Every structure is written in C-alpha cells, then in structure tokens.
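Trainee: task: produce atomic coordinates for the following.
(one chain, ligands or ions: 1)
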Amino acid sequence: MQTLTPHVYWAQRHGDIYLRVELSDAKNLDICVQDNTLQFKAQGHGAKGDNDYEFSLDFLEPVKPEVSHRSTQRLVNVTVRKQEQRWWDRLTLQERKPLFLAPDFDRWLDESDAEMELQAKVVRVSFAYLGLKKGYLFMYNLVQFLGFSWIFVNMTVRLFILGQDSFYDTFHTIADMMYFCQMMAVAEVINPLVGLVKTGVFPAMIQVVGRNVILFVIFGSLEEMQNKAVVFFVFYLWSTIEIFRYPFYMLACIDTDWKLLTWLRYSIWMPLYPLGVLAEAIAVIQSLPIFDETRLYSIPLPTVLGSSFSFSFTLKIYLVLMFLGLFINFRHLFRQRRRRMRSRKRKMN
Ligand SMILES: CCCCCCCCCCCCC/C=C/C(=O)SCCNC(=O)CCNC(=O)[C@H](O)C(C)(C)COP(=O)(O)OP(=O)(O)OC[C@H]1O[C@@H](n2cnc3c(N)ncnc32)[C@H](O)[C@@H]1OP(=O)(O)O
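Mentor: Sure thing, here's the model as predicted:
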C-alpha cells in the first residue's frame, strides 16, 4: 500500500484548533504533537480508496502536546489546544497553505464571531454559577426560616397555653431544633469567606460564635441551666429577629424587596440585639457558680499555682467580650441600615 495524504479541513477558536480529516473507517490511528508539529498516521478509506494516509502540520504558534481525537465511520475529528488563548492569522508556520488543507466552513468563524461565541459561553457559565449560588442561598435561608419559625410559633403557642410555666421547659422542647439551626448558621461565616455573600466575616463570626457559646456551652452542658427562665428569653429573642431576617434574604435571592420586611430587618435589631445580649449575659452570670461548683471544664494546675483554673474565670472574660461584640455588631448593623436606606431613597428619587 502506498502512503497518501487525506483531505484536511480546519477551523479555530481562541483556545482550540479543529481538524476534520476526511477518512472513513479509520483504524490504527497514530496522532501526536511533537516539537509543535502534528503527526497524523492512519489506515482508512480516503480519496484514493483503502490505504495508509498521513500528514504533518507545523503550527504557527505553540500548542499543547495533548491531542484529542474521535473517529466516526466517515471522518476523524482532531482537536489541538493552543498554548495561549489568541486568534491566529493562519494555521501553519509556512505561509503557503499545504494543498491538502482547506477551511472547514461548517465550523468556520471569523475572529469577532468567535469572540461573541466566547462571551456567550462566559455569560452562560456565569448564569449557571449565579443560578447555583442563588439556589443554594435560597434553600439555606428557607430552611433557617422554617426552623426559626417553628421555634417562634411553638414558643408563642406554649406561652399562651401555659403562661409563665412555659419558661421553664423551653430547653427540652426547643433545644434540638435550635441546635440544628445554630449548627447550620456556621454557613453564615463560610458564605462571606468564600465570596458567596458580600458582607463582613467578622460580624457574622461574632454572632455565630457568641450564640453557640451560649447554646452549647452554657445551656447544653449544664443541666442546671436548662430549666431556667432565661433560656426562654434568649431563644425567643433569637427567633424573633430571624423570622424577619431570613425571609428578607430569601427575597433578596430572587431580587425582590418588600418595603415592610426590609424596614423590619434593618430596624428590629435595635431593641432586640441589646435585649438578646442582656439575656445572654444573665445566662452567663447564672452559670458562673454552677461551673465553680461542678468544676466542669476547669483546668487542673500545679499545687504552687492553686488547685485548678476555673472555667468561670474564662466566662468572666467572655462577658466583657460580649459587650465588645455587641458594640462591634451594633456599629456594623447601623452602617448596613444607613447604606440600605440610602440606596432605597436613591432608587425612589
Ligand atoms: C472571633 C470571634 C470572637 C467571638 C467573641 C464572642 C463575643 C460575642 C458576643 C456577641 C454576642 C452576640 C450573640 C447574638 C445575639 C443575638 O442574636 S440577640 C438577637 C438579636 N440579634 C440580631 O439582631 C442580630 C441579627 N444578625 C444579623 O443581622 C447578622 O447576623 C449580622 C452578621 C450581625 C449582620 O448581617 P450582614 O450579613 O452583615 O448584613 P446584611 O445587610 O443583612 O447583608 C449584607 C448583604 O449580604 C446579603 N446576605 C447576607 N446573608 C445572606 C444570606 N444568608 N442569603 C442571601 N444574601 C445574604 C444581603 O442580602 C446583603 O446584600 P445587599 O442587600 O446586596 O447588600
């Protein structure tokens, strides 16, 4: 069998070279790029019947050594990736086009059309990312909204039915759902960290760490705290703010803004945040003698330094941090409120 050259058709995009080799039932394919030259060898049925066919192409600019190819009954498609994403003036190093090579008009695009195709691809990818991001945030906010609504409604109904008696077993009826919601709330620190929402990581961290210390360390680990009335006030204040905040975020995910809800999200924290921190501070103060008595989480010390380092000391420092945290978040929320109200006024004018 003599060695012949098949017809080859080519087209390009900013990142790729497409070659269509007119060879049917191709077998024993040997396609590689060496020293920026594509070597193609195969047996198949081409213009001169069944034969060995081969060709080589010296590319104009550097290409990646990996080649992908796919052969069908009628032809062989070869894709070569360019080293740099840019438009080439021609395919081959030599100015004169090889005789077996011709433009592939089925795939041919000029530079500006290819740019538009690229832009459309970028827009499609960013829409997909945006859709995924919004979908995730919407679901996250929906789950939190349902969780906190369940807590709020449950506590309100129990308050109406049982009156003050409902204060004392709040923990046993509500804690599991609160654990779930507050564990999920860790996402609120991760979301701005990975750029999913544009807000400060630090204020979110203060809020999540602050609440979780109260929930898991003070209430969760001290049975003596679990039937105290303060649990009711802490949980009620947390859930009251969240039944407005999460639906506000849900609507933001679908680019919707309800005036009253926005106003509530950016105003209701003014009385609720200080009250919440006050309730948390009372819980911490009530837990101090219990930690001293039970020596829970206390660290044993060498006898020269005393018997042990009580956890209540750490909590006294935490009490100071709580008010510092309150100050930082109050300032943050004031700024968010001003920014929000200003942008709304601008929209109305
Ligand atoms: C290193 C840690 C140190 C720890 C020290 C510990 C001390 C801690 C002591 C403090 C204790 C506090 C404990 C908490 C107590 C209480 O909760 S009391 C009850 C009352 N609580 C409140 O009122 C606080 C409510 N919480 C919040 O408002 C927030 O959690 C916040 C972080 C404090 C502020 O929210 P932020 O996200 O910064 O502001 P926003 O304006 O709402 O959002 C900014 C933009 O981001 C978008 N966005 C944010 N989250 C989402 C989301 N989940 N889904 C979708 N979009 C989101 C939002 O839409 C905004 O976008 P734009 O409108 O386009 O700007």
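Trainee: name the nearest residue to the most centrally placed residue in the chain, sequence neighbours excluded.
Mentor: What sits nearest the mean C-alpha location of the chain, by Cα atoms, centre = their mean, is Leu196, with 4.9 Å. Closest residue in space to Leu196, ignoring its immediate chain neighbours: Lys133 at 5.9 Å, by Cβ to Cβ, 6 or more residues apart in numbering. (Each C-beta comes from the backbone N, C-alpha and C, glycine too.)
Trainee: the one you found and the ligand, how far apart?
Mentor: Distance of Lys133 to the ligand, computed by Cβ to the nearest ligand atom, to the nearest Å: 9 Å.
Trainee: cool, Leu237 as well?
Mentor: As for Leu237, its distance to the ligand is 5 Å (criterion: Cβ to the nearest ligand atom).
Trainee: quick check: pLDDT value at the closest residue to that residue other than its chain neighbours.
Mentor: In space, and not counting its chain neighbours, Leu237 is closest to Gly276: 4.1 Å by Cβ to Cβ, 6+ apart. Note for Gly276: predicted pLDDT of 96.
Trainee: pull the contacting residues for Gly276.
Mentor: Gly276 sits next to 234, 237-238, 241 when contact means Cβ atoms under 8 Å, 6 or more residues apart in numbering.
Trainee: surely the residue nearest to Leu196 meets Val194?
Mentor: No - between Lys133 and Val194 no contact is recorded; they are 10.1 Å apart, counting by Cβ atoms under 8 Å.
Trainee: and the two? Which one has more around it.
Mentor: The neighbour comparison of Lys133 against Val194 (other Cβ atoms under 10 Å) goes to Lys133, with 15 against 8.
Trainee: what does the protein have sitting close to the ligand?
Mentor: Proximity of the chain to the ligand, by Cβ under 6 Å from any ligand atom, involves residues 137, 141, 197-200, 203-207, 209-211, 237-238, 241, 245, 249, 252-253, 269, 272-273, 276-277, 321-322, 325-326, 329, 333, 336.
Trainee: one more time with 5 Å
Mentor: Within the chain, the positions near the ligand by Cβ under 5 Å from any ligand atom are 137, 197, 199, 203-207, 209-211, 237, 241, 249, 252, 269, 272-273, 276, 321-322, 325, 329, 336.
Trainee: now list the buried members of the residues you listed.
Mentor: Neighbour-count burial (16 or more other Cβ atoms under 10 Å) is assigned, among the residues of the chain next to the ligand, to 137, 203-207, 210-211, 237, 241, 249, 252, 269, 272-273, 276, 322, 325, 329, 336.
Trainee: hmm, back to that, which of the contacts of Gly276 fall within helices?
Mentor: Judged by DSSP state H, helices contain the following of the contacts of Gly276: 234, 237-238, 241.
Trainee: now render those residues as TSV, adding pLDDT.
Mentor: Formatted as TSV, the ones in helices among the contacts of Gly276 follow (pLDDT from 0 to 100):
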residue	pLDDT
Val234	98
Leu237	98
Trp238	98
Ile241	96
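Trainee: any idea which element the closest residue to the ligand within the stretch 201-349 of the chain lies in?
Mentor: In the stretch 201-349 of the chain, the residue found nearest to the ligand is Gly276; the distance is 2.2 Å by Cβ to the nearest ligand atom. Applying DSSP states H and E as the criterion places Gly276 in helix 269-294.
Trainee: domains in this protein, by residue range?
Mentor: As assigned by automatic domain parsing, the chain contains the domains 3-108, 119-341.
Trainee: helices along the stretch 101-250 of the chain, start to end?
Mentor: Here the stretch 101-250 of the chain has its helices, by DSSP state H, counting those that start in this stretch, at 111-162, 170-184, 187-193, 201-212, 223-226, 229-253.
Trainee: any idea which of those is most buried?
Mentor: Burial of those is given as mean neighbour count (mean count of other Cβ atoms under 10 Å); helix 229-253 ranks first at a mean of 20.
Trainee: report the inter-axis angle for it versus helix 201-212.
Mentor: 150 degrees (axes from the mean of the first three to the mean of the last three Cα atoms, to 10 degrees).
Trainee: which SSE is immediately downstream of helix 229-253?
Mentor: Note on helix 229-253: by DSSP H and E, the next helix or strand toward the C-terminus is helix 259-265.
Trainee: quick one: list the elements packing against that next one.
Mentor: Applying 3 or more Cβ pairs under 8 Å, 6 or more residues apart in numbering; DSSP states H and E, we find helix 259-265 packed against helix 229-253.
Trainee: and the helix it packs on, what other elements does it pack with?
Mentor: The contact analysis (3+ Cβ pairs under 8 Å, 6+ apart) places helix 229-253 against helix 111-162, helix 170-184, helix 259-265, helix 269-294.
Trainee: including distance to Gly49, could these go into a markdown table?
Mentor: A markdown table is the format used below for these (distance: least, Cβ to Cβ, whole Å):
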| stretch | distance to Gly49 |
| --- | --- |
| helix 111-162 | 36 |
| helix 170-184 | 69 |
| helix 259-265 | 76 |
| helix 269-294 | 82 |
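Trainee: all set now, cheers.
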